[in-house]
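Participant: Fold the stuff below for me.
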Amino acid sequence: MTLRGQDIASVIKQQIEGFGTQVAMQDVGTVVEVGDGIARVHGLSNCRATELVEFKDGLYGIALNLEEDSVGVVVLGEDRAIKEGDQVRATGRIVEVPVGPELLGRVVDALGRPIDAKGPIRTTKTRPVERIAPDVTRRKGVDTPVQTGLKAIDAMIPIGRGQRELIIGDRGTGKTAICLDTIINQKGKNLVCIYVAIGQKASKVAQVVGYLEKHGAMEYTIIVAANASDSAALQYLAPYAGCAMGEEFMENKQDAVIFYDDLTKHAWAYRQMSLLLRRPAGREAYPGDVFYLHSRLLERAARVDDKSGAGSLTAFPIIETQAGDVSAYVPTNVISITDGQIYLEADLFNAGVRPAVNVGLSVSRVGSSAQTRAMRRVAGRLRIDLAQYRSLAAFAQFGTSDLDQATRTQLERGQRMVEVLKQGQFQPVQMEEQVTIIYAVTNGYLDEVPVTTVARWESEFHRFMRSAHPEICKKIAESKLLDEAAEKDLKTAIEQFKKQFAA
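Facilitator: Here you go, the predicted structure:
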């Protein structure tokens, strides 16, 4: 079959009219130098700060330095495959991570990719890792507690949902232990937990996952891991990625808590990147914007109003000190950003006081607003009494023979308070049980109990209350109050138990 010339012309005309390919312009550059996780790229004239750029084989980087004739790019991964002369393409996007409830129970890297060998994560939503924090007009007051399950913290340094509470102390003083106990204590409390591990050994992260799985806590927990073997860029991104995942819950009428373990290593990773990008070094070789590095992260923790999602994101940043020096550069920066700090002291830890909370240096600027009324009533005296005991004990260490009876009584009671506040790891105590034991010790019911048997007295007392008087704890748990009737019943129960214990 042959086509006439007129038919051929009409077919060509139709094809030309139907031709709809759009012309797209792409920003492309060339690698001129690469090494130590940093690539210098010539070109990319329209590239923006913190924009994602793509190397060959699907490897990505972040454009951090925009210079006159080149762009400094931090490579998100191994830079061995990148060579001088390779082509680099700007994507027009900033770094995003997958978000949503599908991430619960999973271990992911700083880009939200699963690293737990449990298959892909089926989520359709993503969020940018960097975002402006909610302004003051969108925030609500902090008045709902985050129960850590630790008597020393819940009673004296209460933490509210939407707060930023720093955990600070030397290496090996129990900072991570507080995080794990808090996560384990959230079972059944409708609080999503996000644990961000920055610069830690992969074996330690695996250990954390094992602890949480053993106690059934992984079902409401997300772990974001940027291990010590990962690049500085991934360690830098990890806390922002975890924060973006938490914000998704905050803006959907849910409460979340995030632990940054730890921001000291985060600052080290950022310093490494900055020095390799040839940015000017300041105090302790940190770049000048290291304060902004952490402030823009921690300011995103908030309790927002109904228009903004009606949820909350509570932040627990961790800072590691050297020989207890809280006046160093990064510790003072983060102290000034947060709403209080839990200071863990090495001497107390080595003396067997665990959690090793220094009452004098620890503070919560939200205070009793974040406590239940029952806890507020019984714990009001505890902090003052314990602080007075510490100062008296310092004076009385040289001899107690010339002390008056009132001072001796105060010292004896202080010793029992310290014993009551000691707590083993993975043994969280519920709020109502904390109220009953703190009431007993502050009102002198343990004054005659030998210090060495206080721990046994407490465990048997909780067992007695659960079996003989469960209605008292149930009433405190439901009403969050310790009214006169409940206090009277509690006094009777304590007297009854004292007779039993003495017998």
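Participant: Next, the residue lying closest to residue 449 once chain neighbours are set aside: phi, psi?
Facilitator: Leaving aside its sequence neighbours, residue 449 sits nearest to residue 457 (C-beta to C-beta, 6 or more residues apart in numbering; 5.1 Å). Quick note: C-beta positions are derived from backbone N, CA and C, even for glycine. Main-chain dihedrals, residue 457, degrees, to the nearest 10: phi -60, psi -40.
Participant: And the one 4 residues further on, by the same measure?
Facilitator: In this entry, residue 461 is assigned phi and psi values of phi -70, psi -40 (degrees, to the nearest 10).
Participant: Please tell me the pLDDT value assigned to residue 404.
Facilitator: pLDDT, residue 404: 82.
Participant: now it: how far from residue 324?
Facilitator: Using C-beta to C-beta, to the nearest Å, we find residue 404 at a distance of 34 Å from residue 324.
Participant: returning to that earlier point: in contact with the residue nearest to residue 449, which residues?
Facilitator: 446, 449, 501 (C-beta atoms under 8 Å, 6 or more residues apart in numbering).
Participant: do that again at 10 Å, thanks
Facilitator: 416, 419-420, 437, 440-441, 445-446, 449-450, 497-498, 501 (C-beta atoms under 10 Å, 6 or more residues apart in numbering).
Participant: cool, residue 422 as well?
Facilitator: Shown in contact with residue 422 (C-beta under 10 Å, 6+ apart): 151-152, 352-356, 454-455, 458.
Participant: I'd like to know which of these are buried.
Facilitator: Listed as buried from these are 151-152, 353-356, 454, 458; burial here means 16 or more other C-beta atoms under 10 Å.
Participant: What is the nearest of the residues you listed to residue 124?
Facilitator: Nearest to residue 124 among the buried ones among the contacts of residue 422 is residue 355, at 41.0 Å by C-beta to C-beta.
Participant: buried sites along stretch 155-175?
Facilitator: Result for stretch 155-175 [16+ other C-beta under 10 Å]: buried residues 155-170, 173-175.
Participant: Kindly report the same for stretch 47-59.
Facilitator: 47, 51-53, 55, 59.
Participant: from the residues you listed, which ones fall inside helices?
Facilitator: In helices, judged by DSSP state H, none of those are found.
Participant: Contact partners for the spatially closest residue to residue 284 that is not a sequence neighbour?
Facilitator: Nearest non-adjacent residue to residue 284, counting by C-beta to C-beta, 6+ apart: residue 329, 5.0 Å away. Neighbouring residues of residue 329 by C-beta under 10 Å, 6+ apart: 267, 282-286, 290-291.
Participant: try it again with 7 Å
Facilitator: Residue 329 is in contact with 283-284, 286, counting by C-beta atoms under 7 Å, 6 or more residues apart in numbering.
Participant: And the lowest mean pLDDT element among the helices and strands of the chain?
Facilitator: The helix or strand of the chain with the lowest confidence, counting by mean pLDDT, DSSP states H and E, is helix 5-17 at a mean of 74.
Participant: and residue 16, how far is that from residue 10?
Facilitator: 11 Å.
Participant: of the two, who's got more company?
Facilitator: Higher neighbour count among residue 16 and residue 10: residue 10, with 12 against 8, using other C-beta atoms under 10 Å.
Participant: State the distance from that one to residue 152.
Facilitator: Distance from residue 10 to residue 152, counting by C-beta to C-beta: 88 Å.
Participant: do the same with residue 413
Facilitator: Distance, residue 413 to residue 152, by C-beta to C-beta: 16 Å.
Participant: same question, residue 269
Facilitator: Residue 269 is 32 Å from residue 152, by C-beta to C-beta.
Participant: and what of residue 501?
Facilitator: With the distance defined as C-beta to C-beta, residue 501 ends up 24 Å from residue 152.
Participant: Residue 214 now?
Facilitator: For residue 214, the distance to residue 152 equals 24 Å [C-beta to C-beta].
Participant: so how far is the helix or strand hosting residue 245 off the chain centroid?
Facilitator: Following DSSP states H and E, one finds residue 245 within helix 232-250. Distance of helix 232-250 from the chain centroid (C-alpha atoms, centre = their mean, to the nearest Å) equals 11 Å.
Participant: and the helix or strand that comes right after it, average pLDDT?
Facilitator: The first helix or strand that comes after helix 232-250 along the chain, using DSSP H and E, is strand 255-261. Mean pLDDT, computed over strand 255-261, is 97.
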